[in-house]
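Trainee: the sequence and its predicted three-dimensional model are supplied below.
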Number of protein chains: 2
Amino acid sequence: MYGLIGQIKAQPGQRDALAAILLEGTAEMPGCLNYVVARDSTDADALWITEVWDSRDSHSASLQLPAVQAAIAKGRPLIAGFGSRTETEPLGRAGLPR
Amino acid sequence: MYGLIGQIKAQPGQRDALAAILLEGTAEMPGCLNYVVARDSTDADALWITEVWDSRDSHSASLQLPAVQAAIAKGRPLIAGFGSRTETEPLGRAGLPR
């Protein structure tokens, strides 16, 4: 499996609008096992995106999907910058639903 | 929802053993929507744990579960330290399974 943990800084006041765009564009991505959009609890402009994919290739391919391309274009004006970006290798996961 | 993104540093050579302990002890935790254990792709001793809970209280309660307590005790000798720890508020998630 392939994973990503990344922080995105939204323009002031645009965090939730950006989150909605990200979630809308990423609803159906082949090979995506998990894609969570979360508010940072201390930085009012920051979002955290945590992703689990069945492979790196599935993640790369997703960037060409029309819905993802549209979300990137729609969301870009709301992005002020990017924080940390960590590539991971998910080993397993627990919790419901399986 | 309540989320956590945290890095754990294992003792040298103990990362996978620690990951197995974490996954074993966290298989059945009420309110846990997602608990992913992943290798850091650049730091050979680091694991990333990303969690999504239906509430902060569910997360707190989980720390009292016998299986989690046993995992903590069993895993502690394999832990060299902790890296960043970020609390989040998950807004939504995509990807299979829902």
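Mentor: Yes, it's here.

Trainee: how far does stretch A:53-73 stretch from start to finish?
Mentor: Length of stretch A:53-73, first residue to last, CA to CA, to the nearest Å: 22 Å.

Trainee: can you give me the mean pLDDT across it?
Mentor: What stretch A:53-73 shows for mean pLDDT is 96.

Trainee: need the contact partners of it.
Mentor: The contact list for stretch A:53-73 (CB atoms under 8 Å, 6 or more residues apart in numbering or on different chains) reads A:1-4, A:21-22, A:24-33, A:51. Yep, even glycine has a C-beta here, placed from its N, CA and C like the rest.

Trainee: any of those buried? List them.
Mentor: Buried by 16 or more other CB atoms under 10 Å in any protein chain shown: A:1-4, A:21-22, A:25-26, A:29, A:31-33, A:51, out of those.

Trainee: restrict the residues you listed to those near chain B?
Mentor: Among these, the residues lying close to chain B (CB under 8 Å from any CB of the partner chain) are A:1, A:3, A:26, A:29, A:32-33, A:51.

Trainee: spatially central residue for chain A, please.
Mentor: Centroid-nearest residue in chain A: A:I49, 3.9 Å away (criterion: CA atoms, centre = their mean).

Trainee: now it: how far from chain B?
Mentor: Per CB to the nearest CB, to the nearest Å, A:I49 is found 10 Å from chain B.

Trainee: save the buried ones among the contacts of stretch A:53-73 as TSV, and put in secondary structure too.
Mentor: TSV is the format used below for those (DSSP: H, G, I helix; E, B strand; the rest coil):
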residue	secondary structure
A:M1	coil
A:Y2	strand
A:G3	strand
A:L4	strand
A:I21	helix
A:L22	helix
A:G25	helix
A:T26	coil
A:M29	coil
A:G31	coil
A:C32	strand
A:L33	strand
A:E51	strand
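
Trainee: right, and the pair among the residues you listed with maximum separation?
Mentor: Comparing all pairs in those by CB to CB, the longest separation belongs to A:M1 and A:I21, at 25.7 Å.

Trainee: flag whichever of the ones next to chain B among the buried ones among the contacts of stretch A:53-73 scores worst on pLDDT.
Mentor: Lowest confidence among these: A:T26, with 85.

Trainee: so how far is A:N34 from it?
Mentor: Applying CB to CB, to the nearest Å, the value for A:T26 to A:N34 is 11 Å.

Trainee: dig out what A:E89 forms beta bridges with.
Mentor: Beta-bridge partners for A:E89, by DSSP bridges, are B:R39.
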